[in-house]
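Q: predicted model and sequence below, questions to follow.
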Amino acid sequence: MRAVLALAPRLHRSGGSLTTGLAVAAFAVTTAFALSVLGGLLGFVARADDPPAPFTRFDAGPYVIMAAIAGVLLLVPLVSLGGAAARLGVSRRDARLSTLRLLGVTPGEVVALTVVETALQGLAGALVGAVGYAALMPVWTRIPFQGVPFTAGELWVGLPALAGVLLGVPLLAALSGTVSLRRVVVSPLGVARRQTPPAMRWYRALLLLVAFGGFVAVTKLVSGLEAAVVYGFMLGMLGLAFAGLNLVGPWIIGLTGRVMAWRARTPATLLAARRLVDDPRASWRVVGGLGLAAFVAGCLSILPAIASTSPISSDPVERFLLQDVVTGGLLTLAISFTVAAVSAGIQQAASVLDRRREYALQRLAGVPVELFDSARRREVLLPLLLVAGTSAGVALVLSALVFGAASATDGSGLLLVLGFLAGGVLLMLAATETSRPLLRSTLRDTVVRAD
Amino acid sequence: MPRTAAGHSSPAPHPTPGGPPGSPRLSARGVVKRFGATTALAGVDVDVAAGETVAVMGPSGSGKSTLLHCLAGILAPDAGTVRLGGTDIGTLNERDRSLLRRRRLGFVFQFGQLLGELPAVENVALPLMLQGVARPEATRRAAEWLAALGLAGKEGRRPGELSGGEAQRVAVARALVTGPEVVFADEPTGALDQSTGADVMRALTGATAAAGASLVLVTHDEQVAAWCSRRIHVRDGHVTDAAPGQPAAGPASGASAPGGAR
């Protein structure tokens, strides 16, 4: 065991400093946003006890619920970003770990080696992320909630929570790395052989339809009930919609990939489509969180319209509440986009490194590097537009069904959401362009065969 | 193995006219290649005639792969010339050499050159599509090549779902589908067992002959080299000898195939 652990630094070097840097960066982003979101939640909890005027303790209560919803919404993409970072590190070492397994190193030793390395990367990322949390403070303290921006003191999570996150991120990293290592441990020969994954079932789509239909029906029925009951139903409906989206998302991406592959005329589109078919879950991991955030933002985009037509708009508390819900929704969308952009960057980097030999040999055979660039852009853009667009669209339709079509006549909220979506798409594309220099340096450095 | 479909279906409009009649298809003169202080090739002359199959042999580190890379326009030599037909490869820039490799040369490597996401037929059709051939036509020609190489019915399999020998035959189809003038093979059977390796060599030499292409094959394996009409040895950056009893640069007798006149 000790001998194997002594190998760790060498294996680490073989993975390359670039992937280590990417993994650490991803852990850092995860940590910085997790701390920020937790700080915001704690801020609202504190304000619920001592709200700024004109709010009363009763008015401030719903804020905690909504902040918690936003936190849950962001938790999923943050955790999957951390997981992607851990997998990036592991897939770099797959080949060598397989070799070690063939040489007779025990599964336990392989796991130990990975746990140690990935946890160290997670710790480094968490420390950088804590600094990032502090650096982001000036941004958060400019955004008004309940009429007053939070102070840095209100958003400070406290030492115990900070320590918890600094410990939790490396733990999560190690756990995720261990899980993705199962393949190597279970079958040392299985890693290199990539095969067609089983197709996903159509009944996932049916589940989503049932969830949405039931949701609309229930909301129509309960409109006369008390506020607490309605909140409960709204949470339930959101939960159902999310679960449905998560079930149906990979299936839709795979299906779209199949249609795209069937219709493709250029090599780049064909390659991008085949990759979507190959691993629709990987694409969903990147854009899935975005789908949820776009869904929420789409639902909220009709609130300004309601505010302008409703008689309650004369009440300052109600006005602040509507405004803050929209601000919170857009903030959640913006953070989701940032996290998704980093995820996409990580995924594409991992993809380049996984395929380095294929790419290098294709280039030797005269295939232009630009083919891989344009395939990558299509591979990122298609599920992104599909998921963000579909989610926002479905949300609008749902809102119109629930609140009445008249609410969709004021376009300002819609325009705001569309603006955020456009900005987010550009951010994602920019993040994945980081694979461009990586692809070129990888092709330059990949030795196809010694001698 | 039937390969009637393959031979006539490969288009061969050469962008550059060939050299004078009787001159070799591929010709290297005084090629020097250094990596830092190491001289990998120290002035090498090689000629490959149309339709000829040449095995390049030599121990590890002898420079045989570097020679292949220089002949194929992957590396630019530090001195000397490499001519393919009427084209001086050494004067081309990186982009044009890449274009030349794509259009006029074919490549078969040891393993792992097929894109893992694409089914076999799309892997073979890819180089045609890169040349602007419409997808239905590219797919049709790719399927013909796969059928000619005994892979009918496996067009939809992805590389991970093929055996090592099958994957190499797909690679052979990919190398030949564009109708190249010269096919370069770098240890094409290096990852296979002996009998599968023999199958792949039979497919490679047969298909190359049927397409009228020349073949330059790097190997350290005598049995693999035996499939070629001529062999040259590389040692310490020099081409030391042709095999006894073989002319140094003559067109090989048995290799000119039906439909191979170009």
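A: Perfect, thanks for sending it. Residues are numbered from 1 along each chain as shown, chains lettered A, B, ... in the order given.
Q: quick check: longest helix of the chain.
A: No chain was given, so I picked chain A. In chain A, with assignment by DSSP state H, the single longest helix is helix A:57-102.
Q: not what I meant, chain B
A: Chain B, longest helix under DSSP H: helix B:194-211.
Q: at contact distance from chain A, anything in that one?
A: No - residues of helix B:194-211 are not located near chain A by Cβ under 8 Å from any Cβ of the partner chain, the shortest gap being 15.2 Å. Yep, even glycine has a C-beta here, placed from its N, CA and C like the rest.
Q: quick check: closest non-adjacent residue to B:His220.
A: On the basis of Cβ to Cβ, 6 or more residues apart in numbering or on different chains, the spatially nearest residue to B:His220 that is not a chain neighbour turns out to be B:Met57, at 6.5 Å.
Q: which residues pair with that neighbour across the strands?
A: According to DSSP bridges, B:His233 are recorded as the beta-bridge partners of B:Met57.
Q: quick check, pLDDT for it.
A: With respect to pLDDT, B:Met57 scores 93.
Q: over to A:Ala365?
A: Reported pLDDT at A:Ala365 in the predicted model: 92.
Q: gap between B:Gly73 and chain A?
A: Between B:Gly73 and chain A the distance, using Cβ to the nearest Cβ, to the nearest Å, works out to 9 Å.
Q: quick one: secondary structure of the spatially most central residue of chain B?
A: What sits nearest the mean C-alpha location of chain B, by Cα atoms, centre = their mean, is B:Val183, with 1.7 Å. When classified by DSSP: H, G, I helix; E, B strand; the rest coil, B:Val183 comes out as strand.
Q: returning to what we had before: burial of the residue nearest to B:His220, as a residue count?
A: A total of 21 residues lie near B:Met57 under the criterion other Cβ atoms under 10 Å in any protein chain shown.
Q: what's it in contact with, if anything?
A: The neighbours of B:Met57, taking Cβ atoms under 8 Å, 6 or more residues apart in numbering or on different chains as the test, are B:64, B:218-220, B:222, B:225, B:231-234.
Q: at 7 Å instead, please
A: Contact partners of B:Met57, counting by Cβ atoms under 7 Å, 6 or more residues apart in numbering or on different chains, are B:64, B:219-220, B:225, B:231, B:233.
Q: over to B:Thr87: give its phi and psi.
A: The phi and psi torsions at B:Thr87 (degrees, to the nearest 10) take the values phi -100, psi 130.
Q: any idea how far chain A is from it?
A: Separation of B:Thr87 from chain A (Cβ to the nearest Cβ): 14 Å.
Q: and if you look at B:Glu117?
A: Relative to chain A, B:Glu117 is positioned 4 Å away (Cβ to the nearest Cβ).
Q: buried residues in the helix or strand that contains A:Ala400?
A: Remark: A:Ala400 resides in helix A:369-403, with elements defined by DSSP states H and E. The neighbour-count criterion (16 or more other Cβ atoms under 10 Å in any protein chain shown) identifies A:371-380, A:382-384, A:386-392, A:394-396, A:398-399, A:402-403 as the buried residues of helix A:369-403.
Q: who does that helix touch, helix- and strand-wise?
A: Under the contact definition 3 or more Cβ pairs under 7 Å, 6 or more residues apart in numbering or on different chains; DSSP states H and E, helix A:369-403 sits against helix A:203-222, helix A:227-263, helix A:267-278, helix A:280-300, helix A:316-354, helix A:412-432, helix A:435-445.
Q: residue of the stretch 351-451 of chain A closest to chain B, please.
A: A:Gly366 (3.0 Å; Cβ to the nearest Cβ).
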